[in-house]
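# Below: sequence and its predicted model.
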Amino acid sequence: MAEEFDWTLMRSFLAVMECGSLLGAARRLSSSQPTLGRHVAQLEAQLGVPLFERTGHGLQPTDAARAIAGHARAMQQGADAVARTLARSETGVKGTVRISASRAVASFLLPPLLADLRLREPQLAIEVVSSNEVSNLLRREADIAIRMVRPEQASLIARKVAAVPLCACAHEDYLRRKGVPRTPQDLLRHELIGYDRDDTIVRGMRGMGLEISREAFGVRSDDDIVLWQSIRAGLGVGFAARYIAAGDPRVRTVLAELPIPPLPVWLTVHREIRASVRIRAVYDFLASAIPAALAAP
């Protein structure tokens, strides 16, 4: 390897590695294919190993490329961190960031996290869009979206940051009146709380071998807040995120062994605005704080 290693070539290498082609990398970096090709060739010469093989499906990374990819990403993250630190020292993190989240996340998960964020960044103003509708970041309805489904738009960057464990639960007063279900089949003899038009719970219970329809739910709503308050009021057995259920000491988890798939949490931002200092500061904070909050007992 040459003595004078050009670290700037790693940025081009990483873009080609992740995009799978010179054209894609050139678009990402707002550069040209010949420039990216020259950078890759220079890096291969410095390292003394080939990094890509040309195939009918684009550029395929060699074992050497895969071996250094993690180091290249670490270097990129370090460079981004330096840029953000310098930007903060010059201008501070201030302004408004608009976050879109489901009603349950906006009501129960976000407030304590935003309290911590505001202590760290007091010049930030946070707007929260509380809606179960998937906000369209392409129309700038929000700067950052927290969603349980991955967006399809190519111009959006989506990162899975956590998973929300779910549970069956009921108020202790209800369980005192009706008894505690011991097996999944016992649920069929209980008063149930569930969705109205959304068939997620029905499909999930059928997957457990419980043949039910929406009519099995004595209380029905497609609003998660309504369902949670119905559970707290002792109207029956329902389903909730564990972090929500843990907030009321009189609500008890039942049938802990039920195989309920967790909900993925996707943090989404538009490619064009992720470089904003204030938006990136909130994005990075949420990417760390959300999984920590969900992992808390």
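Yes, it's here.

# as a whole number, average confidence for stretch 173-180?
For stretch 173-180, the mean per-residue pLDDT is 95.

# And the contacts of it?
With contact meaning C-beta atoms under 8 Å, 6 or more residues apart in numbering, stretch 173-180 is reached by 190-191, 234-237, 250, 252, 254. C-betas here are computed from N, CA, C, even on glycine.

# now, which of those residues lie within strands?
Within the contacts of stretch 173-180, residues falling in strands by DSSP state E are 252, 254.

# Quick check on the contacts of stretch 173-180: which are buried?
Buried by 16 or more other C-beta atoms under 10 Å: 190-191, 234-237, 252, 254, out of those.

# Which member of those residues is positioned nearest residue 165?
residue 254 (14.5 Å; C-beta to C-beta).

# mind checking which helix or strand the closest residue to residue 29 other than its chain neighbours is in?
Leaving aside its chain neighbours, residue 29 sits nearest to residue 15 (5.4 Å; criterion: C-beta to C-beta, 6 or more residues apart in numbering). Per DSSP states H and E: residue 15 is located in helix 9-19.

# Okay, buried residues for that helix please.
Within helix 9-19, the residues that count as buried by 16+ other C-beta under 10 Å are 9-17, 19.

# Show me what secondary structure element comes after that helix.
Heading C-terminal from helix 9-19 (DSSP H and E), you reach helix 22-29.

# could you give the angle of the helix or strand just after that next one to helix 9-19?
Beyond helix 22-29 in the direction of the C-terminus, DSSP H and E gives the next helix or strand as helix 33-47. Here the directions of helix 33-47 and helix 9-19 differ by 110 degrees (axes from the mean of the first three to the mean of the last three C-alpha atoms, to 10 degrees).

# mind checking which helix or strand residue 53 is in?
Going by DSSP H and E, residue 53 is in strand 52-55.

# what packs against that strand?
With contacts taken as 3 or more C-beta pairs under 8 Å, 6 or more residues apart in numbering; DSSP states H and E, strand 52-55 sits against strand 58-61.

# Point out where this structure drops to low pLDDT.
1-5, 80-92, 132-140, 154-155, 272-275, 296-297 (pLDDT under 70).

# Can you give the domain ranges for it?
As assigned by automatic domain parsing, the chain contains the domains 9-89, 92-161+263-295, 166-254.

# my guess is residue 198 meets residue 221, correct?
No. The criterion here is C-beta atoms under 8 Å, and residue 198 misses it with residue 221 at 9.4 Å.

# the more surrounded of these two?
For residue 198 versus residue 221, the count of surrounding residues by other C-beta atoms under 10 Å is larger for residue 221: 18 against 15.

# Tell me which residues touch that one, please.
The neighbours of residue 221, taking C-beta under 8 Å, 6+ apart as the test, are 195-196, 227, 230.

# Also residue 206?
Residues near residue 206 by C-beta under 8 Å, 6+ apart: residue 212.

# swap in residue 171?
The neighbourhood of residue 171, defined by C-beta under 8 Å, 6+ apart, consists of 231-234, 250-252.

# how about a cut-off of 10 Å?
177, 230-238, 248, 250-252 (C-beta atoms under 10 Å, 6 or more residues apart in numbering).

# Could you give the bridge partners of it?
Residue 171 has these beta-bridge partners by DSSP bridges: residue 251.

# Distance check, it against residue 79.
52 Å (C-beta to C-beta, to the nearest Å).

# before we move on, what about residue 70?
Counting by C-beta to C-beta, the gap from residue 70 to residue 79 is 15 Å.

# what does residue 100 give?
Residue 100 sits 29 Å away from residue 79, going by C-beta to C-beta.

# Could you check which of these two is surrounded by more residues?
When neighbours are counted by other C-beta under 10 Å, residue 100 and residue 79 differ, and residue 100 comes out ahead with 24 against 14.

# Is it correct that the more buried one falls within a helix?
No. Secondary structure of residue 100 (DSSP: H, G, I helix; E, B strand; the rest coil): strand, not part of a helix.
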